[in-house]
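Engineer: just coords:
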C-alpha cells in the first residue's frame, strides 16, 4: 500500500461515519456529494430495511433518515433502530419536507435526536450533523463518567442523596439504596432510616439532625442500622448545606457509605494498640492514659489514686525450665486472678470523661494492666487512704498464692507488690509508676511475696545507687580504681610474709569503701573486668617490691566466683603475667568458700589449671560456707583463711576457740597453710598462736595502705621493732633481717 493511500485511509478513519437513508436517488446522490465534500464518510441506503441491515457491520456515528419512504418510512426505521442493542443513544437526524408540528413531534416520539427540513443549504446540514456528533460525544462521556462514579460508589459501598427543604423526603441514588440493602423500586425515607437504628440511639440522632438543619451546618455522623436481611451495619453519613442567593438554606446534598468493615478493622487496630495480645489486659499505653484521667478527676474531686506494680517472683525459673508456652499459660492465669481483685474494665478508653452531674464515672477506669514480661500494674482510680491500696495489694498476694497449672504441672508462684499513691508519692503518672517500681524492688529485697508502700528514702537510695552505677562504669577508664595493700605478718618474727590487695575507689576526693561498690560491680558484671585489672596491678607491684626491697612473697587477689565462668580465664591470667615478666607464684588467688560452693563443678577445672600454672589458691572466709570436707581433699588449694567472724570472739567465747582450733587442725591434716584475718588485739594473736596459727592479718599490725606507703611502713616497723610478736617463739631467727620472705 502506498503512503498516499495509507494517509487517505487514516483520514477516512478520522472522518465521522454517516449512514444516509433516502429512497430518492437524486436527493441521495446530491446529499452524499455535499457531505463528503465537507469531511464526512458517507454510506448510502435506499430504504429503511437496507439501513437496518447495514447497522451491525457499519456502526455509524450518526444516521440521517428521510421521513417519507415506501415500506419502512423514516419514523418506523428510527423506532426499529432504537430497539437494536447498542443503538439506543445513536444520534438520528430526521430529514423531512414536512414543516409541520405533528411531524416534528412524531419524530421525537420515535426516538429521533433532531430534525432538519430538506433544502440545498448543505453547509447548514453539515453544521447540524457536527452539532449532533459533539452532543453525542458529550453525552457519551457523561454516561461513562456516571457509570464510573456508580461503579466507584458500589466498590466503596457508597451512594448519594439529596434533600430539598419543604419539597419532600430524601431522594437516594440507586447506589445509596443498595447501601441500605434495597433495590431501585424501593422507597426509603427518613422515618424508615430512623426505625432501622437501635432504639437507644434514635433520639440522639434526631437531635443531631434538628441541630444541623437549624444552624445550616455540615452533617457528619456514623449510625448503626439493621438491614432487612438481619445484618447490622455501620453507615457514615455526610452532607453539606446548599443556600440560595439570599443565603437561605434550601437543602442538603450528601453521601452515605457503609463503613462497617473499616470500623471493625479500626476497632481491631485500636484494641491491638491498647491491649496486650497474650493476656488481653490493657497495655502500658492504655494504663498510662487511664492513670492520667484518674489523676485529673482526683484533682477535681479531691481524692487519692493508687498504682500497684506487681512483679512475679521466680517467673524466669519457671519460664526457662518448663518453656515459654508454659510461661504464657502462667501469665494468662495470673492476669485472670488479678482481674478478680479489682473492678476491671476492658473498655478502650480515649478522649475525655464527663463528670457533669456529679457522676463518678472515673471509677470505670479501674483496671489491671500488663507492663512487661512478668510485671503487671493495678490502677485504683479512687481510694480513701493508703491503707485501702495496701489491702488490695494483700488481696492480690493471697490470690496468687494458690497453685497454678502450667504445661500440665502444678506450679507455685508469688509476687512482690509496690504501692504508690497520688498525691503523696507523685503528681504525675510517670512519678507514680517509677515510685511503685522502687517500692516493688524493695519488696523483692525484703524476701519477696510481700507488699511495700513507697518511702521517699527508698528513692534517694535508688538515685544514689544509680549515680554510683553510672560513675563506676567510667571508673576504670578514668583510672579511679586503686589497690590498697594489707600485710600478712608471721607473729613469730614480726615480719611481712605476704600481702592482700584490696580494691578501693578514689572518686574525686572521696575514697569509696568496697562495701558500697563491690556488690554493685558484681550485680552489673563489672567485677570481672575489675578483677583482671587487680591481678595486673598486683603483679606490677610484686615486681616493683622485689626490685626495691627483695620482696619474694605473694600478693593475694580476691576473685569472684562468676569470673571462673569465663572459659579463657587461665589464658588471660597467664597472658598478664607473661607480658609483665612476673612469676605465677608472685600472685595468690583467693576465692570465698561461699563463692566456691555456688558452682563447684564449674570452678574446679580452672583451679586445677591455675595450680598447674604455678599460682597458689586460697579459700577466703573459711568456715562461713557449707563446703563438703570431702571436696577439700581434692581441691588444688594451698591455704585456708579463717574468717574474721571467728577471730572476733577469740578469748571471749569458748565456741569461737573450738571452731578455730578445728579449722587449724583440719588445715594441718591436709598439709595446708592457715592464716587468720581480722586480728585486732594482742589477745586474739596469742590465742591464734597457741592454737597453731602463726600468720595473721589485721589492724593490730597494719591497716590497708597505698603501695607507696608500704615501703616506709616496713622501714619504720623493722627498725623500731614496733610490731607485736610472740616473744621467743622461734629461736635462731634473726628479726632484723631485711629480706621479705613468704611461704613460696
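Structural biologist: Now that the structure is in, tell me what you want to look at. Not measured: the values here are computed from a predicted model.
Engineer: following the chain onward from the helix or strand harbouring residue 640, which element is next?
Structural biologist: Element membership for residue 640 (DSSP states H and E) is strand 639-642. Sequence order places helix 644-647 as the next helix or strand after strand 639-642, per DSSP H and E.
Engineer: list the buried residues in that next one.
Structural biologist: For helix 644-647, the neighbour count (16 or more other Cβ atoms under 10 Å) marks 644, 646, 647 as buried. From N, CA and C alone the C-beta is placed, and that goes for glycine too.
Engineer: ok, longest helix in this protein?
Structural biologist: helix 122-155 (DSSP state H).
Engineer: so which elements touch that helix?
Structural biologist: helix 25-37, strand 62-66, strand 92-96, strand 114-117, strand 158-164, helix 174-179 (3 or more Cβ pairs under 8 Å, 6 or more residues apart in numbering; DSSP states H and E).
Engineer: output the contacting helices and strands for the longest one.
Structural biologist: Here helix 25-37 touches strand 17-21, strand 41-45, helix 122-155, going by 3+ Cβ pairs under 8 Å, 6+ apart.
Engineer: winner for burial among these?
Structural biologist: strand 17-21 (a mean of 23; mean count of other Cβ atoms under 10 Å).
Engineer: quick one: it to helix 122-155, angle?
Structural biologist: In terms of direction (axes from the mean of the first three to the mean of the last three Cα atoms, to 10 degrees), strand 17-21 departs from helix 122-155 by 120 degrees.
Engineer: indicate each strand paired with strand 17-21 and its parallel or antiparallel sense.
Structural biologist: Strand 17-21 pairs in its sheet with strand 41-45 (parallel), strand 62-66 (parallel), by DSSP bridges.
Engineer: any low-confidence regions in the stretch 201-350 of the chain?
Structural biologist: 345-350 (pLDDT under 70).
Engineer: all the strands of it, residue numbers only.
Structural biologist: With DSSP state E, counting those that start in this stretch as the criterion, the stretch 201-350 of the chain has strands at 219-226, 232-243, 249-258, 304-313.
Engineer: with the stretch 351-500 of the chain instead?
Structural biologist: Under DSSP E, counting those that start in this stretch, the stretch 351-500 of the chain gives strands at 367-370, 375-383, 404-406, 409-411, 414-422, 451-453, 481-490, 495-507.
Engineer: what comes up buried for the fifth one?
Structural biologist: This points to strand 414-422. Using 16+ other Cβ under 10 Å as the test for burial, strand 414-422 gives 415, 416, 417, 418, 419, 420, 421, 422.
Engineer: other SSEs contacting it?
Structural biologist: Using 3+ Cβ pairs under 8 Å, 6+ apart, strand 414-422 sits against strand 304-313, helix 386-401, helix 429-445, strand 451-453.
Engineer: repeat that with 10 Å
Structural biologist: Contacts defined by 3 or more Cβ pairs under 10 Å, 6 or more residues apart in numbering; DSSP states H and E place strand 414-422 against helix 284-301, strand 304-313, strand 375-383, helix 386-401, helix 429-445, strand 451-453.
Engineer: average pLDDT for it?
Structural biologist: Strand 414-422 carries an average pLDDT of 91.
Engineer: so how far is it off the chain centroid?
Structural biologist: The chain centroid and the centroid of strand 414-422 are separated by 23 Å under Cα atoms, centre = their mean, to the nearest Å.
Engineer: which strands border that strand, and is each parallel or antiparallel?
Structural biologist: By DSSP bridges, strand 414-422 pairs with strand 304-313 (antiparallel), strand 451-453 (parallel).
Engineer: what does the third one give?
Structural biologist: Partner strands and pairing direction for strand 404-406 (DSSP bridges) are strand 409-411 (antiparallel).
Engineer: rewinding a little: which among the buried residues of helix 644-647 gets closest to residue 303?
Structural biologist: residue 644 (54.6 Å; Cβ to Cβ).
Engineer: ok, now which ones touch the closest one?
Structural biologist: For residue 644, the contact set (Cβ atoms under 10 Å, 6 or more residues apart in numbering) comprises 621, 624, 676, 677, 678, 679, 680, 684, 697, 698.
Engineer: most neighbours among the residues you listed, which one?
Structural biologist: residue 676 (30 neighbours; other Cβ atoms under 10 Å).
Engineer: counting by contacts, list what the helix or strand encompassing it packs against.
Structural biologist: Under the criterion of DSSP H and E, residue 676 resides in strand 673-677. Using 3+ Cβ pairs under 10 Å, 6+ apart, the elements in contact with strand 673-677 are strand 481-490, strand 495-507, strand 616-622, strand 639-642, helix 644-647, helix 654-669, helix 682-691, strand 695-697.
Engineer: specify the beta-bridge partners of the nearest residue to residue 287 once chain neighbours are set aside.
Structural biologist: Nearest residue to residue 287, sequence neighbours excluded (Cβ to Cβ, 6 or more residues apart in numbering): residue 369, at 3.6 Å. Beta bridges link residue 369 to residue 377, judged by DSSP bridges.
Engineer: would you turn the strands of the stretch 201-350 of the chain into JSON lines with mean neighbour count and distance to residue 581?
Structural biologist: Output for the strands of the stretch 201-350 of the chain, formatted as JSON lines (neighbours: other Cβ atoms under 10 Å; distance: least, Cβ to Cβ, whole Å):
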{"stretch": "strand 219-226", "mean neighbour count": "16", "distance to residue 581": "84"}
{"stretch": "strand 232-243", "mean neighbour count": "16", "distance to residue 581": "83"}
{"stretch": "strand 249-258", "mean neighbour count": "19", "distance to residue 581": "86"}
{"stretch": "strand 304-313", "mean neighbour count": "25", "distance to residue 581": "51"}
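Engineer: make TSV out of the ones you listed and add distance to residue 33.
Structural biologist: Listed next are the strands of the stretch 201-350 of the chain as TSV, based on distance: least, Cβ to Cβ, whole Å:
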stretch	distance to residue 33
strand 219-226	63
strand 232-243	54
strand 249-258	52
strand 304-313	98
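Engineer: which one of those lies closest to residue 383?
Structural biologist: strand 304-313 (4.9 Å).
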